[in-house]
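S.K.: coordinates for the following, if possible.
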Amino acid sequence: MQTTDQPLYTGPFMILCLSFALFGASFNMIIPELPSYLTSLGGADYKGLIIALFTLTAGISRPFSGKLADTIGRVPIILFGAIVCIICSLFYPILTSVSGFFLLRLFHGFSTGFTPTAITAYVADIVSENRRGEAMGIIGIAINLGGSIGPSVGSYIAAYHSLDLMFYVSSGVAVVSMLLLLRIKETLPEKQKFHPKLLLLKRNEIFDRQSIIPAVICGFIYLGFGAIITITPDQSVHLGMVNKGAFFTSFTLCSILSRLVAGRMSDIYGRVVAIRISAIMLSIAFVLMGMSNSPTWLLASSGLVGFSLGVGIPALFAWTIDRSEEQNRGKAMATLYIGLEVAIGSGALLGAAIYDNNYANFPLTFNVLAIFPFIALLFLWREKDVVQIGVE
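M.R.: Numbering: from 1, shown residues only. Reported below is the predicted structural model:
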């Protein structure tokens with residue numbers, strides 16, 4: 001464990017950030033176009049499954065990725081997720097049936113089930129404790145930067161060239177993400193060779209008990225995000241936005257803006273304080289999204305959603321690491337990500353069900369979503385930080 005104030009912006013950390021940004025761009029690039037693409041395949045009634053199936057396999061794979069990151073190493077698990085992105089994006093233009101599409105979404109979820117788990121554990125290995133919140137904020141900026149650029153680029157390619165080219169570019173971006181990491185050093189002190197027996201999970205290897213509360217809170221905070229990425233492409237069209245990726249750009253840029261300061265804020269004032277502020281702002285933002293009646297209003301409210309999550313998520317990640325034992329960091333991050341994936345998948349299904357392909361249901365959908373951050377506040381009522389934080 002790094003306990004002294006070590007430099008944060010080292011070569012490995014910056015390479016990791018760049019790779020994570022490209023990884024985020026790869027799988028986010030195609031998201032705005034997937035609802036209309038699925039409709040063209042004859043699956044308009046199953047839009048909720050676009051995200052739900054992706055997060056299902058991401059969530060299922062978390063215990064495995066956490067265990068493997070703590071045994072065979074962080075780097076192999078990071079690379080595996082990138083390889084999944086490469087392969088799946090190449091196959092979207094080939095498997096053009098509804099069933100083939102959903103099969104790919106199912107396998108594509110393994111990418112985010114593996115890479116982010118190992119990357120966050122790697123970051124925890126190389127940064128000092130008193131800069132952990134800042135580091136989680138910066139690594140979050142990296143993937144959000146990719147997430148902000150990717151959707152707009154993907155929508156541009158789809159509109160002015162073709163969907164097939166969009167999928168191929170997505171795969172190529174994942175290739176570059178993987179190549180950047182081929183020479184970074186492993187941080188796990190004692191590695192094991194991979195053996196199929198490592199895929200057999202014991203009961204105590206599925207969850208990190210110290211991370212369950214942060215995972216539950218993360219779930220209630222992130223549930224609305226699953227609904228947003230499912231229904232806002234339709235909301236954008238309804239309000240007359242030509243580029244459906246613009247919503248995600250606004251969301252992500254504001255998330256980046258808040259992460260620039262919020263991660264460090266949690267190092268000074270506390271993780272729990274930052275998470276509480278995030279939950280309150282997020283609930284207000286959802287209500288405003290339901291009231292959106294113009295592209296400008298939608299972009300502004302989406303920005304507030306992104307800003308709110310940018311305040312809370314780095315603090316949640318740092319809080320999870322604070323509560324976990326050093327040898328279980330991979331498992332701890334996997335547990336947190338399980339909460340996140342369950343929330344996104346459930347939110348996608350809930351949002352699609354309430355929306356029901358009816359534009360008049362947007363206000364109701366977002367008002368329901370506004371309830372869940374307040375539930376997170378209830379879980380935070382008596383929670384406190386578990387390590388001494390703050391700087392002079």
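S.K.: check which helices and strands the one helix or strand in the chain whose mean pLDDT sits lowest sits against.
M.R.: Between all helices and strands in the chain, the lowest mean by mean pLDDT, DSSP states H and E belongs to helix 245-269, at a mean of 78. Secondary-structure packing of helix 245-269 (3 or more C-beta pairs under 8 Å, 6 or more residues apart in numbering; DSSP states H and E): helix 132-160, helix 212-238, helix 271-290, helix 295-323. Backbone N, C-alpha and C define where each C-beta goes, glycine included.
S.K.: adding mean pLDDT and mean neighbour count, write these out as JSON lines.
M.R.: Below are these laid out as JSON lines (pLDDT from 0 to 100; neighbours: other C-beta atoms under 10 Å):
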{"stretch": "helix 132-160", "mean pLDDT": "83", "mean neighbour count": "24"}
{"stretch": "helix 212-238", "mean pLDDT": "88", "mean neighbour count": "24"}
{"stretch": "helix 271-290", "mean pLDDT": "92", "mean neighbour count": "22"}
{"stretch": "helix 295-323", "mean pLDDT": "89", "mean neighbour count": "25"}
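S.K.: looking at those, which is nearest to residue 353?
M.R.: Residue 353 sits nearest to helix 212-238 of all the helices and strands packed on helix 245-269, at 9.6 Å, using C-beta to C-beta.
S.K.: list the residues that contact residue 364.
M.R.: 290, 354 (C-beta atoms under 8 Å, 6 or more residues apart in numbering).
S.K.: hang on, the earlier thing: of all the helices and strands packed on helix 245-269, which one is nearest residue 254?
M.R.: helix 295-323 (3.8 Å).
S.K.: residue 108 against residue 88, yeah?
M.R.: Yes. Counting by C-beta atoms under 8 Å, residue 108 sits close enough to residue 88 to count as a contact (4.2 Å).
S.K.: burial measure for residue 99, as a count.
M.R.: 10 (other C-beta atoms under 10 Å).
S.K.: of residue 108 and residue 88, which one has the most company?
M.R.: residue 88 (27 against 23).
S.K.: from residue 214, how far off is the more buried one?
M.R.: 29 Å (C-beta to C-beta, to the nearest Å).
S.K.: please apply the same query to residue 229.
M.R.: Taken as C-beta to C-beta, the span from residue 229 to residue 214 is 22 Å.
S.K.: same question, residue 324
M.R.: Counting by C-beta to C-beta - residue 324 and residue 214 are separated by 9 Å.
S.K.: for residue 298, same thing?
M.R.: Taken as C-beta to C-beta, the span from residue 298 to residue 214 is 31 Å.
S.K.: ok, residue 210 - contacts?
M.R.: 323-325, 332.
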